[in-house]
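>>> model the structure of this input:
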Amino acid sequence: MRVHFIAIGGSAMHNLALALHEKGDHVTGSDDEVFDPSKSRLAAKGLLPQEFGWFPEKITSELDAVILGMHAKKDNPELLKAEELGLKIYSYPEFLFEQSKHKTRVVIGGSHGKTTITSMILHVMHYHNKEVDYMVGAQLEGFDTMVHLTEENDFIVLEGDEYLSSPIDRRPKFHLYQPNIALLSGIAWDHINVFPTYENYVEQFEIFLKQITNGGAIIYNEEDAEVKKVVEATENPIKKYPYQTPEYMVEDGETLLETPEGPMPIEVFGKHNLNNLEGARWICQLMGVDADGFYEAIATFKGASKRLEKIAETKTAVAFKDYAHSPSKVKATTQAVKNQYPDKKLVACLELHTYSSLNPEFLSEYKGSLDAADAAVVFYSPHAVMIKQLEEIKAEQIEEAFQREDLMIFTNPADFKTFLYSEDYENTALLLMSSGNYGGLDFDAIKGYLK
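Numbers count the residues shown, from 1 in each chain. Here you go, the predicted structure:
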């Protein structure tokens, strides 16, 4: 196939481009700017555009498909040319479905836990040398790309994001996959810029359930009241398998999972991660890996990139970074670290970086989310608020939202770094939560400040 990517530099898009190149397809692409790691990874395979910008002359009738990224605009010159020529234009999820129509599609959905559960499943399959196609939202140890496509593999495991598909396809991505087997981990309002009400957001998951193929299966977290409600209410004739957090204990900073063979030490921790693990176990069972095989493999799973990723550790201190940004994720992650290290001082830092988190109407959702921390910090950039064309946020609004009198608030990256680097980390757990980088923080530098 001859495939052209409009906005090839995105995290998901460049991984798909690499996967198709690996598969033997002829891949080209354009973008107005490309940053690392996408830039160097594309360059290594000869796929980085020679010039940045949009070039309609790249779009010819010889192309078999054009894949349109979310970063592109509706009036993109290349898109307009593709439409004019009547070429087949796919959104990212549409193309993945097209490539997997004859496979068993396993789709992991939910407001949180998607990447971790997908990563756990892939780790188990990789451990047992079971070849599957996949698309996951984080770089995994032992995997070259975040997307893998073949002609021959029977299964494809897809992380089912509820965000929009493309500038000209406003459907959530996970509505397009038509799963044979699906999982729903949790529902907590997110993406307020696209789903302005909670009810509207929940509706997307109801539609997701309707897309499961006739006779398919839904594995669902019955501890989440909203998930339980929508799954039990769906009239789609599918099999329903509930799961809940398995028994576990924490001893001396180590998590032990109860298994039929007795307590087993595991690398990941926190109630939400154990809950994710149980969902992954169910999926693996339906994909042909029994409980014994699952436990043997999952013991070596260290976590997905930026999901409670340990970035530094000394005899008395430990530091993690996490992608958590929505209120439910922030609360669960903060609580998990406190439970794992109850005798350490927990310093939890949250960057408000996404459209939802910087929206004054949404801020109140964060109430109590940092309560488990001994020292709580919020960082946000007034410049980011301005770029997103949102109302100005004042420090008093953040104090009011989090309902914590000792909350420390920073808006200047230099001030935040000064705070971070002057802290005494004796007997401390540091947690850095953000989908950004606190205005240019070098996470690797943290190691030098722990004692």
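>>> quick one, longest helix in this protein?
helix 271-286 (DSSP state H).
>>> would you mind listing the buried residues in that helix?
272-284, 286 (16 or more other C-beta atoms under 10 Å). Any C-beta I mention is one placed from the backbone N, CA and C, and that applies to glycine too.
>>> residue 411 reaches residue 379, doesn't it?
Yes - counting by C-beta atoms under 8 Å, residue 411 touches residue 379, with 7.4 Å between them.
>>> who's more crowded, these two?
With neighbours defined as other C-beta atoms under 10 Å, residue 411 and residue 379 compare such that residue 379 has more, 26 against 18.
>>> pLDDT weak spots in the stretch 351-451 of the chain?
388, 451 (pLDDT under 70).
>>> ranges for the helices of it?
Shown for the stretch 351-451 of the chain, the helices assigned by DSSP state H, counting those that start in this stretch span residues 382-387, 395-402, 413-422.
>>> need the three-state assignment for residue 171.
At residue 171 the chain is in strand, as set by DSSP: H, G, I helix; E, B strand; the rest coil.
>>> check what pLDDT it gets.
In this model, residue 171 is scored at 93, pLDDT.
>>> how close does it get to residue 288?
According to C-beta to C-beta, to the nearest Å, residue 171 stands 31 Å off from residue 288.
>>> so for these two, which residue has more residues nearby?
Neighbour totals were compared for residue 171 and residue 288, and residue 171 leads with 15 against 12 (other C-beta under 10 Å).
>>> wait, residue 113 sits on residue 186?
Yes - applying C-beta under 8 Å, one finds residue 113 in contact with residue 186, separated by 6.2 Å.
>>> buried stuff in the strand or helix carrying residue 27?
For residue 27, the host element (DSSP states H and E) is strand 26-30. The neighbour-count check on strand 26-30 (16+ other C-beta under 10 Å) flags 27, 29-30 as buried.
>>> residue 188: neighbour count?
18.
>>> contacting residues around it?
111-112, 226, 326-329 (C-beta atoms under 8 Å, 6 or more residues apart in numbering).
>>> domain parsing for the protein?
With domains defined by automatic domain parsing, the chain comprises 2-87, 95-298, 309-449.
>>> what about the shortest one, start to end distance?
This means domain 2-87. 12 Å (C-alpha to C-alpha, to the nearest Å).
>>> residues contacting the closest residue to residue 444 other than its chain neighbours?
Spatial nearest neighbour of residue 444, excluding adjacent residues (C-beta to C-beta, 6 or more residues apart in numbering): residue 311 at 7.4 Å. By C-beta under 8 Å, 6+ apart, the contact set of residue 311 is 319-321, 432, 443-444, 446-447.
>>> name the helix or strand of this structure that has the lowest mean pLDDT.
helix 382-387 (a mean of 74; mean pLDDT, DSSP states H and E).
>>> quick one: buried residues of that helix?
In helix 382-387, counting by 16+ other C-beta under 10 Å, buried: 384-385.
>>> cool, and stretch 163-175?
For stretch 163-175, by 16+ other C-beta under 10 Å, it's 164-167, 169, 172-175.
>>> farthest-apart pair in those, please.
167 and 174 (18.0 Å; C-beta to C-beta).
>>> so what strands line up beside the longest strand anywhere in the chain?
When the chain is parsed with DSSP state E, its longest strand is strand 345-352. Sheet pairing of strand 345-352 (DSSP bridges) gives strand 375-380 (parallel), strand 428-433 (parallel).
>>> pretty sure residue 99 contacts residue 149?
Yes - the pair residue 99 / residue 149 is scored as a contact, 5.3 Å apart, by C-beta under 8 Å.
>>> return every residue with contacts to both of those two.
Joint contacts of residue 99 and residue 149 (C-beta under 8 Å, 6+ apart) are 133, 156.
>>> out of the contacts of residue 311, which sit inside strands?
319-321, 432.
>>> and of those residues, the nearest to residue 292?
residue 320 (30.5 Å).
>>> what's the neighbour count on the closest one?
Residue 320: 24 neighbours (other C-beta under 10 Å).
>>> quick check: the gap between it and residue 309.
Counting by C-beta to C-beta, the gap from residue 320 to residue 309 is 6 Å.
>>> so residue 108 sits in a strand?
Yes - if the criterion is three-state DSSP, then residue 108 is within a strand.
>>> quick one: residues contacting residue 283.
Per C-beta under 8 Å, 6+ apart, neighbours of residue 283: 106, 108, 117, 121, 157, 181, 183, 219.
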